[in-house]
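1. turn this into a model:
(one chain, ligands or ions: 1)
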Amino acid sequence: MNLAGTLAEDMASEGDPTWLLRETGYELLRESTFETRFAISNGFLGVRGGLAAHLGACRAIPPRFYVAGLFDTPTPDSVVPELVPAPDWTQVSILLPDGPLMRCPDRSSRALTLDMRRGALVMEARQTCNAPLEVRLRSLRLVSLDARAIGMQVIELRIEGGVSDLAFEAGLGPTDFELAPERAELDLKAWRTWRSGRSLAIAAAASLEVDGVERQPVARGDLTWAWRWTAQPGQAVTFRRIVAVTRHHATDVNAGARARRELAAARTLGWRGILARHEAAWAERWRCSDIRVTGDPAAQAALRFAIFHLNGAANPDDPHVSVAARALTGDDYRGHVFWDTEIFLVPFYALTWPEAARTLLMYRFRTLDAAREKAARMGWRGALYAWESADTGAEVTPHQTVGPDRKILDILCGSQEQHISADVAYAVWQYWQANEDEAFLQEAGAEILLETARFWASRATGEADGLRHIRGVIGPDEYHERVDDNAFTNVMARWNIARGLDIAALLRERWPDTWERLARSLDLGEPELAKWGEAAETIATGRDPATGLYEQFAGFLALEAVDLNAFAERSVPMDVVLGRERTQRAQVIKQADVVALLALLPEAFPGTSGGINFDHYEPRCGHGSSLSRVMHGLAAARLGRPEAALGYFHRSAAIDLADTHVAIGGGIHIAALGGLWLMAIFGFAGLSLGANGLAFDPRLPASWHGLDFRIRWRGRELAVAIDGKNRELRVTLDRGDPMTVFAGGTAFVIAMDNPLVVRLPVDG
Ligand code: BGC
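-> Model prediction:
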C-alpha cells in the first residue's frame, strides 16, 4: 500500500467537497496565486503550494519555505529584519537522458488538491504526448501538526508507456545567499544568519522504491540523493522524504543534534505513523474549531479555508514568534507582525485554542521591554508596541517605500500608528475574559495592561479646554497621517486605561502579593492610578453629544467630500485614483476606522448611534486594506443587518479564494480570514463575552439555514447550534461546570445535562 495512492483514493471516496480545495490546469501567470492558496503550514514551518518544478515548467517566483522566527537583515541593503526563506526541502528533478521528464505535460491534467481536513497538499499531473515516457505523477506533502519540526513528502510515478533510462534526484533548493552555510553532512545541513545570531538545521532521510523494492541511490551527497534505472510500462515508483527542521541561537552547539533527534523519532514512527499523528492533530483542531453553515456552500467553503489557515498559522509551543500578516505563506510584509494578530486572530484562538492564544500573547509579553524602550525613546511612559514587530519586538516598520507612481514615500506608521498598544491590551483582556487564566494574568497579562494604560495616560496631554488630547497619530485609516484625536485611538486609549485600573483593583483584591510585586517593579502607586482615572474620563473622543457621531479625527468632517460611488468600477485603491495628496485632503478612508471601533467596542455607541456612525462612514470607505470589509461586516451584523454583512463576508472571502485581489501572490491575508470567523461567530451568531458569562444574539442571513460551531469558555466546551429555519438557539455544555448564558437579554444557567434551547424572535 502506498501513501499517496491511499490518500488520493480516500479523498475520492470521501465525496465532501467542502473539505477540499481544488484547482486544475496550469498557467504560468497564475502560478504564484496557486502557490499562496495551496500553502501549508504548522505555525513553525510553512511551504508554499504549487509544484511547477514537477511539470518541467518555469516558476513564477522561486519556491518558498519559511521557518518561523528565522529573521535577519541579510544584506547591507536590507533596511529592516525580514523572515529569510529557508532552503526548499521539497526540491526534486526527474530526468530523462536528454532533459526533464515532464517536458510536455498535459497541463490540463495538473490538479492541486488541498485536503483541509487532513492538512495535506496533493498534486497530480500526467504526461502523454510526444515524450519517451508516458507518466502519471502524484505527490503529497505535509508539515506535521503533531511534531512541528517534521515535513514529509511522497512522490509517486506510474509509468504508463515507453521505455527509457530515468534519473530521480532529490536535494535542497539554494539559499540565495540569505544564509551562510555552516555544516554539511550526509544527513544534516546547517546554516546561520548573517547578522541576527540565528541558525537553522535540516536533517533529512529519503528513499525510492520501484515496484515495492527499495533501490540504493547511485550517488549520495549532503542531503542529496540520485537514483537511476530503466523505466518501463507498469512500473510504480515511490519516493519518500522526511525532513526535521530546527531553529536555534547561533551559539547553540546542539543545533544539528536536535534536528537529528527529531528525524530519528519521526523515522521510528514511520510514514504511516507520522501521517496518523498529523491527521489526529488536525482532527482535534477541527473538532474544536469547525463551523458548519447550511444553506450557503460558498460561505461553508470560505470558513473551512479560513479555519484551515488559522489553525496552521499558530504554534502554541513557541512564544518567540507571532503570526505575521501573511502568516508563513508569502514574502509580503517580510514576516512582520501587526495588529492583525491581536484584533483579527486572537479571538479565534482564545475561544477555540486557548493554548495558542496564550502563546501569542506571551510573545507580546516577551517583547514588552522593547515596547517600553520605544515609548521612552519617544518621550512617553509605559509601553508603546512596535507597529511592525519581528523577533525582538523592536520597531521594524520600514521608513520608506516606493509608491504606485514610483516616487519614494515616507512611511510614518512606525512612529505614529500607536493604537497597536491598545490593540494588544484588547487581546489580553479578551483572552482573560474567555479563559480566566489566572497564571497568565499574574505572570504577564496584568503587566501588559498596566504598562499600556500607563502609556496612554502619559501620551494624552491635558490642554486648556480641560480635555486630554492625543495629537499626531495615524489611525487604522492610514490615508491620513499626523492627525489629532483619532476617535479609534482615543476611545481605545480610554478603554485601555480603564482596563488597567480594573486589573489593578482585581490584583489588589485577589492577589495582593502579585499586586505588590508589580507595583514595586513598575513603580506604580496611588497618585499615578488616580491620574489614570482622570485621563480615562477626559481624553477627547470627538463624539458629538447631539448626534452621537464620532469625528474620525479633528477636522475630518471639514475635508473635501468625494462620492466614492463615482469610482465603483475602479480596479486600484482610492489613493491611487485620487493621488496621495488629494486623498489626504479628502473624506476618503482607507479602511474601517470609526467602524472598527464600533465592531470592537459596541458599548461606546449607545442607542442608535452605532447605525448613525456606520451609515456615515461606510460610504466614505474605499476598502484599501483586506482588513476593512470584515470589520464592516462584523459591525453590520451586530447592527442587525445580516444581508449587508453577508455581502462583506463574501467579498472578504474572495480576497484569497477568487482571483480578484492584486496581492495574493505575496501570501494569504490571514487577518481577513480571521475576520470571516469573527463575522460568523461575533456577527451572525451574535456572541459577546462578558464578565458574567456568554451572550448570544443570533441574526443569520436568510440563506444561512443553520450555523453550528463549538467554543471553549473558562475550561468548558460548548456546542452551539442556531437553526435559522425553525428559529431556535441551542447551547449544549459538553464539558465543565454549569455556567450562565444570556440569550435575548435573559440569563439561563446551563449544565452538562441541561442545555439551553430557546426560540429566537422572528425579526432576530
Ligand atoms: C493595513 C494595516 C495592516 C497591514 C498588514 C495595511 O495595509 O492598513 O491595517 O495591519 O496592512 O495587514
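2. rest of the way, CA atoms for contacts and neighbours
-> Fine.
3. do you know the pLDDT at the residue nearest the centre of the chain?
-> The centre of the chain sits closest to I670, judged by CA atoms, centre = their mean, with a distance of 3.6 Å. What the model reports for I670 is a pLDDT of 98.
4. in the stretch 1-150 of the chain, what residue is nearest the ligand?
-> In the stretch 1-150 of the chain, no residue comes nearer to the ligand than E82, which is 14.5 Å away by CA to the nearest ligand atom.
5. separation between that residue and V321?
-> 13 Å (CA to CA, to the nearest Å).
6. what sits in contact with each of these two?
-> Counting by CA atoms under 8 Å, 6 or more residues apart in numbering, the common neighbours of E82 and V321 are A390.
7. who has more neighbours, these two?
-> Shown here are E82 and V321; by other CA atoms under 10 Å, V321 has more neighbours (29 against 22).
8. the more buried one and F71 touch, don't they?
-> No: if you go by CA atoms under 8 Å, V321 and F71 don't touch, sitting 10.2 Å apart.
9. pull up the overlap in contacts between the two.
-> In terms of CA under 8 Å, 6+ apart, V321 and F71 are both contacted by the residues 390-391.
10. farthest residue from the center of this structure?
-> Within the chain, the residue lying farthest from the chain centre (CA atoms, centre = their mean) is V163, at 47.6 Å.
11. now do the same contact list for it.
-> When contacts are counted by CA under 8 Å, 6+ apart, V163 touches 132-133, 230-233.
12. and if we set it to 6 Å?
-> Contacts for V163 (CA atoms under 6 Å, 6 or more residues apart in numbering) come out as 231-232.
13. would you check how far apart it and the ligand are?
-> The gap separating V163 from the ligand is 52 Å, by CA to the nearest ligand atom, to the nearest Å.
14. and the pLDDT at that residue?
-> pLDDT, V163: 94.
15. so what's the residue of the stretch 1-150 of the chain closest to the ligand bridging to?
-> E82 has these beta-bridge partners by DSSP bridges: D72.
16. swap in the one 4 residues further on?
-> For A86, the residues forming beta bridges with it (DSSP bridges) are F65.
17. tell me the confidence at it?
-> pLDDT, A86: 95.
18. surely it meets R64?
-> No: here A86 lies out of contact with R64, judged by CA atoms under 6 Å, at a distance of 7.4 Å.
19. which one's more surrounded, those two?
-> Remark: of A86 and R64, A86 carries more neighbours, 27 against 24, as counted by other CA under 10 Å.
20. what about that one, distance to T175?
-> Taking CA to CA as the measure, A86 falls 6 Å from T175.
21. what do you get for L678?
-> The spacing between L678 and T175, counted by CA to CA, is 38 Å.
22. same thing with I670?
-> Distance from I670 to T175, by CA to CA: 26 Å.
23. show me where the stretch 601-750 of the chain dips below the pLDDT cut-off.
-> Along the stretch 601-750 of the chain, the parts satisfying pLDDT under 70 run over 661-663.
24. what residues does it have near the ligand?
-> For the stretch 601-750 of the chain, the contact set with the ligand under CA under 6 Å from any ligand atom comprises S625.
25. could you redo the last one with a cut-off of 8 Å?
-> Residues of the stretch 601-750 of the chain lying near the ligand by CA under 8 Å from any ligand atom: 624-627, 669, 671.
26. which strand residues bridge D165?
-> Going by DSSP bridges, D165 forms beta bridges with T230.
27. and the gap between it and D106?
-> Taken as CA to CA, the span from D165 to D106 is 21 Å.
28. go on, V213?
-> The gap separating V213 from D106 is 29 Å, by CA to CA.
29. compare the two (neighbour count), which wins?
-> D106 (16 against 10).
30. and the pLDDT at that one?
-> pLDDT, the model's per-residue confidence, is 74 for D106.
31. skipping its backbone neighbours, what lies nearest it in space?
-> Spatial nearest neighbour of D106, chain neighbours left out: Q127 (5.3 Å); criterion: CA to CA, 6 or more residues apart in numbering.
32. do L133 as well
-> Here the residue nearest L133, using CA to CA, 6+ apart, is G162, at 4.6 Å.
33. and for the one you found, the neighbour number?
-> Neighbours of G162 (other CA under 10 Å): 14.
34. same question for the one 10 residues further on.
-> Using other CA under 10 Å, L172 is surrounded by 17 other residues.
35. now it: phi and psi?
-> Main-chain torsions, L172, degrees, to the nearest 10: phi -110, psi 150.
36. name the SS class of the closest residue to it other than its chain neighbours, please.
-> Distances taken as CA to CA, 6+ apart put W89 closest to L172, at 4.9 Å, once the chain neighbours are dropped. Classification of W89 using DSSP: H, G, I helix; E, B strand; the rest coil returns coil.
37. which helix or which strand is home to A265?
-> Assigned by DSSP states H and E, A265 falls within helix 255-289.
38. correction: E481
-> Using DSSP H and E, E481 falls outside every helix and strand.
39. near the ligand, which residues of the stretch 301-450 of the chain?
-> So far as CA under 8 Å from any ligand atom goes, the stretch 301-450 of the chain lies against the ligand at 325-326, 333, 337-340.
40. ok, so of those, who is nearest R148?
-> Nearest to R148 among those, counting by CA to CA, is R326 at 18.9 Å.
41. dump the residue contacts of the closest one.
-> Residues near R326 by CA under 6 Å, 6+ apart: 667-670.
42. can you name the two of these that are farthest apart?
-> The widest separation within those, taken as CA to CA, falls between G667 and I670 and amounts to 8.6 Å.
43. host element of the closest residue to M123 other than its chain neighbours?
-> Nearest non-adjacent residue to M123, counting by CA to CA, 6+ apart: L112, 4.6 Å away. Using DSSP H and E, L112 maps to strand 106-115.
44. after that strand comes which helix or strand?
-> Following strand 106-115 in sequence order, the next helix or strand is strand 120-127 (DSSP H and E).
45. which other helices and strands contact the helix or strand that comes right after that following strand?
-> Going down the chain from strand 120-127, the next helix or strand is strand 134-143, by DSSP H and E. Counting contacts by 3 or more CA pairs under 6 Å, 6 or more residues apart in numbering; DSSP states H and E, strand 134-143 is packed against strand 120-127, strand 150-161.
46. at 7 Å instead, please
-> Packing partners of strand 134-143 (3 or more CA pairs under 7 Å, 6 or more residues apart in numbering; DSSP states H and E): helix 3-14, strand 120-127, strand 150-161.
47. the ones you listed: lowest mean pLDDT?
-> Among these, helix 3-14 scores lowest, at a mean of 49.
48. quickly run through the sheet partners of the next helix-or-strand element following that one, with directions.
-> Following helix 3-14 in sequence order, the next helix or strand is strand 20-24 (DSSP H and E). Strand 20-24 pairs in its sheet with strand 106-115 (antiparallel), by DSSP bridges.
49. contact partners of the following helix or strand past the helix holding A265?
-> Using DSSP H and E, the next helix or strand after helix 255-289 towards the C-terminus is strand 291-294. Strand 291-294 is touched from outside by 300, 303, 704-709, with contacts defined as CA atoms under 7 Å, 6 or more residues apart in numbering.
50. in strands only, show me those.
-> Using DSSP state E, the subset of the contacts of strand 291-294 located in strands is 706-709.
51. which one of those residues sits closest to R638?
-> Relative to R638, and with distances defined as CA to CA, the nearest of these is L707, at 16.1 Å.
52. what's the spacing between that closest one and L639?
-> L707 is 19 Å from L639, where distance means CA to CA.
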